[in-house]
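# have a look; sequence and predicted model below, questions after that.
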Amino acid sequence: MTEIIAPSSIGLLTGKVVLITGASRGIGEAAARLFVREGASVVLAARDIRALERIASELRAGGGTADAVALDLAEPASIRSTVDRVGELHGRIDGAFNNGGVIQRPGALDATSGIDIDAQFSVNFRAHWTAMTAEAALMREGGGGAIVNTSSIGSRRANAALPAYGAMKRALNSITETAAVTWAPDGIRVNGIAPGGTSTEMIDAWERATPGVIERLSARIPLGRMADPSEIAEVAAWLLSDRASYVTGAIVPVDGGAGA
């Protein structure tokens, strides 16, 4: 894989309080480290509290401000409690990166189980709806903010291997756009990112279930490789920053050209 050289920090998120879900690994962990380098105070949320505490401790040791909160995205009460905790810790929330999600068991449309469909609905769709609503309420108290939801390249076209996943990510795009229009008068921007193949534990799990999928996906990417999680996090950081002040309602592809 091509070596990824991290750009110099420029204080893109200086002074901002940002919640990151799914922060215990992959894109979420990369975002936590990037956002702190760019000046944000972060609250990291996921089910794996031990991993979160490790990451938060490392960030604090480096001079950053980071807290860890246990979060179950399948439970609306847990989501609302997490957002409330951000308010307790910092008195406000300036940004939210709703990145947590779950992959389905690969399989054809007519072989997808009801359990998989329910999991996709609760974690990849309803959880974002609940989180955005709670985040917007707290942002409204502070005069505005920015929200970024992690969608997927799988939301932009037919998804024969992951039909329930693709369907819920496409539904997520819709509520992202609707939220952007609804909350624009409140000074709240809402955008999504649609990553393509990314080197994370989730894609590794798909590879174990369907050997050769990483090679096949990489072959379809014009840039010729999978993304590093940090490359996805960079786009989220920009969308959460004031540099993106006129961007809302966008679903930004971050896929190496695969969707072109």
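Arrived safely, thanks for sending.
# where do the helices sit along the stretch 1-150 of the chain?
Secondary structure of the stretch 1-150 of the chain (DSSP state H, counting those that start in this stretch): helices at 26-37, 49-61, 76-90, 114-121, 127-141.
# the ones you listed: which one's closest to I203?
helix 26-37 (8.8 Å; Cβ to Cβ). The way it works is simple: take the backbone N, C-alpha and C, and place the C-beta from them, glycine included.
# could you list the low-pLDDT ranges of this protein?
For the chain, the stretches flagged by pLDDT under 70 are 1-3.
# how about the strands in it?
With DSSP state E as the criterion, the chain has strands at 17-21, 41-46, 65-70, 95-98, 145-150, 188-195, 251-254.
# how far off strand 17-21 does the fifth one point, in degrees?
It refers to strand 145-150. 20 degrees (axes from the mean of the first three to the mean of the last three Cα atoms, to 10 degrees).
# quick one: buried residues of strand 145-150?
Within strand 145-150, the residues scored as buried using 16 or more other Cβ atoms under 10 Å are 145-150.
# distance of N124 from G26?
Here N124 is placed at a distance of 15 Å from G26 (Cβ to Cβ, to the nearest Å).
# the two - which one has more neighbours?
Between N124 and G26, counting by other Cβ atoms under 10 Å, N124 is the more crowded of the two (28 against 23).
# what's next to the helix ranked longest in the chain, contact-wise?
The single longest helix within the chain, with elements called by DSSP state H, is helix 163-183. Contacts to helix 163-183, defined as Cβ atoms under 8 Å, 6 or more residues apart in numbering, come from residues 103-104, 108-109, 112, 116-117, 120-121, 124-125, 128-129, 132, 136, 140, 147, 149, 151-152, 154-156, 158-159, 188-192, 194, 248-249, 251.
# dump the residue contacts of V254.
Contacts for V254 (Cβ under 8 Å, 6+ apart) come out as 193-196, 227, 231-232, 235.
# any idea how far the residue of the chain positioned farthest from its centre lies from D116?
Outermost residue of the chain with respect to the C-alpha centroid, by Cα atoms, centre = their mean, is D110; its distance is 28.6 Å. Relative to D116, D110 is positioned 12 Å away (criterion: Cβ to Cβ).
# try D84
31 Å.
# over to R243?
Here the criterion is Cβ to Cβ. By it, R243 lies 38 Å from D116.
# now V213
17 Å.
# those two - which one has more neighbours?
Neighbour totals were compared for V213 and D116, and D116 leads with 20 against 16 (other Cβ under 10 Å).
# residues touching the more buried one, list them.
Going by Cβ under 8 Å, 6+ apart, D116 touches 104-105, 107, 164.
# 10 Å instead?
102-107, 162-165 (Cβ atoms under 10 Å, 6 or more residues apart in numbering).
# got those residues as JSON lines, with neighbour count and distance to I55 columns?
Output for the contacts of D116, formatted as JSON lines (neighbours: other Cβ atoms under 10 Å; distance: Cβ to Cβ, whole Å):
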{"residue": "V102", "neighbour count": "17", "distance to I55": "20"}
{"residue": "I103", "neighbour count": "21", "distance to I55": "21"}
{"residue": "Q104", "neighbour count": "23", "distance to I55": "26"}
{"residue": "R105", "neighbour count": "16", "distance to I55": "28"}
{"residue": "P106", "neighbour count": "18", "distance to I55": "29"}
{"residue": "G107", "neighbour count": "17", "distance to I55": "33"}
{"residue": "L162", "neighbour count": "21", "distance to I55": "28"}
{"residue": "P163", "neighbour count": "22", "distance to I55": "33"}
{"residue": "A164", "neighbour count": "22", "distance to I55": "30"}
{"residue": "Y165", "neighbour count": "25", "distance to I55": "26"}
